[in-house]
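**Q** whatever this is, show me its structure:
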Amino acid sequence: MSKMSVPMEGVTVEQEEYWHSETVEKVLELQESRRDGLTHAEAEKRLEIYGKNEMTPPPKIGFLMKLFLQINNILIYILIAAAIVSGILKEYAEVALIVGVVVLNVTIGMIQEGKAEKAAEAIKGMLSAKATVIREGQPTEIQA
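**A** Modelled structure (predicted):
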């Protein structure tokens with residue numbers, strides 16, 4: 001899907017194009033391509049002009065945000081409230097126990113999340129993305 005400008009009574013309006021509903025010939029024309037694919041020179045030229053066909057990775061979540069996301073839980077809020085009430089009632093042993101449970105819960109959650117992120121990165125590194133393209137009429141496999 002792409003957008004194209006369409007003049008309408010003196011006003012330019014953005015109109016979306018849906019590639020899937022067009023004929024093959026129309027899509028090839030719009031993409032400045034042909035059925036036998038691009039030449040190697042044209043592919044290199046487009047790579048230089050447009051860059052690689054990559055998605056930008058999402059921004060990494062910082063430590064403080066991860067910590068907040070671990071604490072932002074209704075059960076943690078209930079435990080914190082219970083610790084406050086216990087503190088007001090001068091039940092310091094219960095306060096220490098409840099705070100210990102909260103700290104342990106958050107610590108375990110942070111460690112598990114860190115391990116899961118590392119595992120996902122390792123899996124991503126093991127994947128070999130390849131694409132089959134048509135270059136000068138011949139199917140060719142390239143790194144995607």
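**Q** helices of this protein, residue ranges please.
**A** Taking DSSP state H to define them, one finds helices in the chain at 24-30, 40-50, 63-71, 74-88, 92-126.
**Q** for the first one, the distance to its chain's centre please.
**A** It refers to helix 24-30. Centre-to-centre, helix 24-30 and its host chain are 30 Å apart (C-alpha atoms, centre = their mean, to the nearest Å).
**Q** name the helices or strands packed onto that helix?
**A** For helix 24-30, there is no helix or strand it packs on, judged by 3 or more C-beta pairs under 8 Å, 6 or more residues apart in numbering; DSSP states H and E. Backbone N, C-alpha and C define where each C-beta goes, glycine included.
**Q** and the closest residue to residue 46 other than its chain neighbours, how far is that from residue 64?
**A** Spatially, and ignoring its direct neighbours in sequence, residue 46 is nearest to residue 38 (7.2 Å; C-beta to C-beta, 6 or more residues apart in numbering). As judged by C-beta to C-beta, to the nearest Å, residue 38 and residue 64 stand 47 Å apart.
**Q** related to what we said a few turns ago, isn't the residue nearest to residue 46 up against residue 135?
**A** Yes. With contact defined as C-beta atoms under 8 Å, residue 38 reaches residue 135; the gap is 6.2 Å.
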